[in-house]
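Asks: can you look at this prediction? I've put the sequence above it.
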Amino acid sequence: GQNIDQPTEMTATEGAIVQINCTYQTSGFNGLFWYQQHAGEAPTFLSYNVLDGLEEKGRFSSFLSRSKGYSYLLLKELQMKDSASYLCAVKWDYKLSFGAGTTVTVRA
Amino acid sequence: GAVVSQHPSRVICKSGTSVKIECRSLDFQATTMFWYRQFPKQSLMLMATSNEGSKATYEQGVEKDKFLINHASLTLSTLTVTSAHPEDSSFYICSARGGQGAAYEQYFGPGTRLTVT
């Protein structure tokens, strides 16, 4: 089966930095995605890593190490609107397997 | 671009009835559509994958006779939950792949909240 682990919850202060880790063990690997999901809404795409290293996109960065089966999403300069669930998903074959999500709460 | 819609956004039905959920790609042709289910505080679980004009591929443990999927055109896929039971209450999300987006991208619909009473 596919195993994708990420922490359940994280809390941080507005303006701070938070790092959400994701480890995976899957049958195959064609890339790793990070999505943001607000309660009751569909996931929205944040980042995609297929090669090792860091991808930066504004306040969000994502890192991948395929040999370690590890990724992280870094959220900088946190804003209240960043309070949401962050989903790590691995693409293998043509499918996406999702982690359970990390709920990030940003406090003033 | 790459907008996916779902209808209805919320539906309440009685146990034993059937309900149909539509997923449309509004501004691109979706060669592949995916249906997911998400229970509260849990991950999205892939139910099935459908390609236009062919039978859907169901994930292990998903009853194909209970969750009927039709992908009749490049812009529309439907999921029908037949003989719904309270345990089918969940958040159903579709996604679509195709159009001008990168081959790896899936575009998600806004989801349908199904409550079976």
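Replies: Now that the structure is in, tell me what you want to look at.

Asks: what about the strands in chain B?
Replies: B:4-7, B:10-13, B:19-25, B:30-38, B:44-51, B:57-58, B:67-73, B:76-81, B:90-98, B:107-108, B:112-116 (DSSP state E).

Asks: what sits against whatever residue of chain B ends up closest to chain A?
Replies: Nearest residue of chain B to chain A (CB to the nearest CB) works out as residue B:108 at 4.0 Å. Any C-beta I mention is one placed from the backbone N, CA and C, and that applies to glycine too. Residues in contact with residue B:108, defined by CB atoms under 8 Å, 6 or more residues apart in numbering or on different chains, are A:42-44, B:4, B:93-95.

Asks: change it to 6 Å
Replies: A:42-43, B:93, B:95 (CB atoms under 6 Å, 6 or more residues apart in numbering or on different chains).

Asks: wait, which of the residues you listed is closest to residue A:4?
Replies: Residue A:4 lies nearest to residue A:43 out of the contacts of residue B:108, by CB to CB, at 14.2 Å.

Asks: I figured the closest one was touching residue A:37, is that so?
Replies: Yes - if you go by CB atoms under 6 Å, residue A:43 and residue A:37 touch, sitting 4.4 Å apart.

Asks: okay, and the common contacts of those two?
Replies: Common neighbours of residue A:43 and residue A:37 (CB under 6 Å, 6+ apart) are residue A:87.

Asks: any idea how far residue B:98 is from residue B:75?
Replies: Look at residue B:75 and residue B:98: by CB to CB, to the nearest Å, they are 10 Å apart.

Asks: burial count for residue A:69?
Replies: Look at residue A:69: counted by other CB atoms under 10 Å in any protein chain shown, it has 18 neighbours.
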